[in-house]
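Novice: need the 3D shape of this:
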Amino acid sequence: MEGLRRDVGRWAPAAALMCAVLLIMPSEVSAVRYIVGGNMGWTSNVNYTVWAQGKHFYLDDWLFFVYDRNQMNVLEVNSTDYENCISDHPLHNWTTGAGRDVVPLNVTKTRYFISGKGFCFGGMKVAIHTEKLPPPPTLSPQISDSGGLLNSFRGQIFLPVVFAAAAVWDSFLLLL
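Specialist: Predicted coordinates:
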């Protein structure tokens, strides 16, 4: 038991430092995979304009088209062909034959997708505007009359680090 306490005492500062580093590191933003049409998928009788409203599509996100491969397809077209449901000369045919097609959003622009075979006239079309990810918010320093070190860091870095270190220390003590 005494040896375990000695080991915990040796590793506790390192663990607290690791927690502090993890709290300070900026969080990574990962790409989002959107299932086009949500739980309905890529099918008729879905208003894809309404589905896309309020969503922000960013660079490196993905569109996932799920549909009946025997009836429908996924075609990327220009804006004129989109408006008129013309599928004769698509910019890209994303149909792979499995009914599970993934489109990477790797360019900042508006892209137009339709289903040919007459389904576009029934509303199977969606316009997706891809934009750059906005910059992360910056921390603004808090102004305090007291000017103390603790107040200048309050709620930003110092207190979360203290609480993390205390939590790690408590976890090690529970092991004893």
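Novice: Asp60 is in contact with Lys132, correct?
Specialist: No - the criterion here is CB atoms under 8 Å, and Lys132 misses it with Asp60 at 10.1 Å. Placement of C-beta: from N, CA and C, glycine included.
Novice: neighbour-wise, which of those two wins?
Specialist: Asp60 (13 against 8; other CB atoms under 10 Å).
Novice: in contact with the residue nearest to that one when sequence neighbours are not counted, which residues?
Specialist: Closest residue in space to Asp60, ignoring its immediate chain neighbours: Ala31 at 4.4 Å, by CB to CB, 6 or more residues apart in numbering. The contact partners of Ala31, taken as CB atoms under 8 Å, 6 or more residues apart in numbering, are Tyr58, Asp60, Asp61, Trp62.
Novice: where does the chain have its least confident helix or strand?
Specialist: Lowest by mean pLDDT, DSSP states H and E among the helices and strands of the chain is helix 149-153, with a mean of 48.
Novice: would you map the helices across this protein?
Specialist: 2-24, 48-52, 79-84, 149-153, 158-175 (DSSP state H).
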